[in-house]
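Novice: Pasted the sequence and its predicted model underneath.
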Amino acid sequence: MACLFSISLQASTPPPDRIPWQKAPIAVELPVGLERTIAFPGPVKVGVPAGLERVLRVQSIAGTVYVLASRPFPASRLIVRRLDDPAVYVLDVSAAPGRENSIPLVIFHPDEAIEDEEGASGDEPVSYGYVTLTRYVAQQLYAPARLLESLPGVVRVPVKEEPVPLVRGGAVEAVPLVAWRANALHVTAVRLTNQSRRPHVLDPRVLRGAWLAATFQHNRLLPAGDEADQTVVYLISTRPFAASL
């Protein structure tokens with residue numbers, strides 16, 4: 001009997017532009033009318049000049065800043081402050097018509113992103129996209145053993161299997177199941193269980209943490225006690241799960 005494997009991606013996200021923070025202003029070019037995301041190593045607060053408030057929408061959620069320009073404007077400086085340490089970032093943001101680049105940006109500290117690879121052969125490390133990594137982890141959970149495939153450079157890492165405050169609102173319990181590391185990226189599978197008596201539609205915007213991508217196996221949970229009251233979310237980050245939450 002053939003075994004079918006299915007995964008539902010809530011959004012198709014291109015690989016991000018990774019920019020190291022080196023204490024120099026980072027230029028961020030925005031298209032008009034298209035939202036762009038900027039991920040930081042932790043939760044942040046963004047200072048927006050008064051003159052930009054009418055033309056630039058800025059939302060900061062769990063370490064990711066969502067920016068949307070409604071009209072063109074010249075380069076203007078935004079000051080971004082970390083909420084969990086003294087770090088401050090400087091962005092020079094501009095918007096112009098005709099731009100189409102809405103690729104996500106990831107701001108990282110070079111000393112945090114570089115990880116020691118013990119036993120490395122000296123060959124160039126293999127890089128994988130978000131979709132490939134998500135499918136790999138989902139297969140490890142759901143596919144039969146005979147269909148499992150390995151990915152060079154992807155290694156299992158420990159994660160505590162205990163409830164964590166991942167989903168805002170308190171209606172959904174989250175428990176990490178398993179995690180992998182692929183070079184500078186970490187992928188964690190987290191079981192989500194509806195604790196309420198009502199159906200619950202999952203939204204990545206209510207997740208706490210600094211995630212590059214969040215993919216739900218199913219995004220609708222039936223009431224607690226139903227056989228479909230659980231699902232799994234696959235989270236990709238630049239740091240281990242506990243440090244990204």
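Specialist: Structure received.
Novice: Tell me the helix or strand right after the helix or strand bottoming out on mean pLDDT in the chain.
Specialist: The helix or strand of the chain with the lowest confidence, counting by mean pLDDT, DSSP states H and E, is helix 110-113 at a mean of 61. As assigned by DSSP states H and E, the chain's next helix or strand after helix 110-113 is helix 130-142.
Novice: And that next one, what's buried?
Specialist: 130, 133-140 (16 or more other Cβ atoms under 10 Å). C-betas here are computed from N, CA, C, even on glycine.
Novice: and stretch 55-67, how far apart are its ends?
Specialist: 10 Å (Cα to Cα, to the nearest Å).
Novice: so how far is it from its chain's centroid?
Specialist: Mean C-alpha position of stretch 55-67 versus that of the full chain (Cα atoms, centre = their mean, to the nearest Å) differs by 14 Å.
Novice: can you redo the buried residues of helix 130-142 as JSON lines with pLDDT and distance to Phe73?
Specialist: What follows is the buried residues of helix 130-142, written out as JSON lines (pLDDT from 0 to 100; distance: Cβ to Cβ, whole Å):
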{"residue": "Tyr130", "pLDDT": "82", "distance to Phe73": "31"}
{"residue": "Leu133", "pLDDT": "87", "distance to Phe73": "36"}
{"residue": "Thr134", "pLDDT": "86", "distance to Phe73": "36"}
{"residue": "Arg135", "pLDDT": "85", "distance to Phe73": "40"}
{"residue": "Tyr136", "pLDDT": "86", "distance to Phe73": "42"}
{"residue": "Val137", "pLDDT": "88", "distance to Phe73": "41"}
{"residue": "Ala138", "pLDDT": "86", "distance to Phe73": "42"}
{"residue": "Gln139", "pLDDT": "84", "distance to Phe73": "46"}
{"residue": "Gln140", "pLDDT": "84", "distance to Phe73": "46"}
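Novice: Enumerate every residue touching Pro240.
Specialist: Listed by Cβ atoms under 8 Å, 6 or more residues apart in numbering, the contact set of Pro240 reads 157, 159, 179, 181, 186.
Novice: surely Arg18 meets Pro104?
Specialist: No. Using Cβ atoms under 8 Å, Arg18 is not in contact with Pro104; the gap is 9.7 Å.
Novice: Report the mean confidence score over stretch 149-159.
Specialist: Averaging pLDDT along stretch 149-159 gives 84.
Novice: In it, which residues are buried?
Specialist: So, applying 16+ other Cβ under 10 Å, buried residues of stretch 149-159: 151, 154, 159.
Novice: Save those residues as TSV, and put in distance to Ser76 and secondary structure too.
Specialist: Shown next, in TSV, are these (distance: Cβ to Cβ, whole Å; DSSP: H, G, I helix; E, B strand; the rest coil):
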residue	distance to Ser76	secondary structure
Leu151	42	coil
Val154	41	strand
Val159	41	coil
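Novice: What is the nearest of those to Leu52?
Specialist: Val159 (40.2 Å; Cβ to Cβ).
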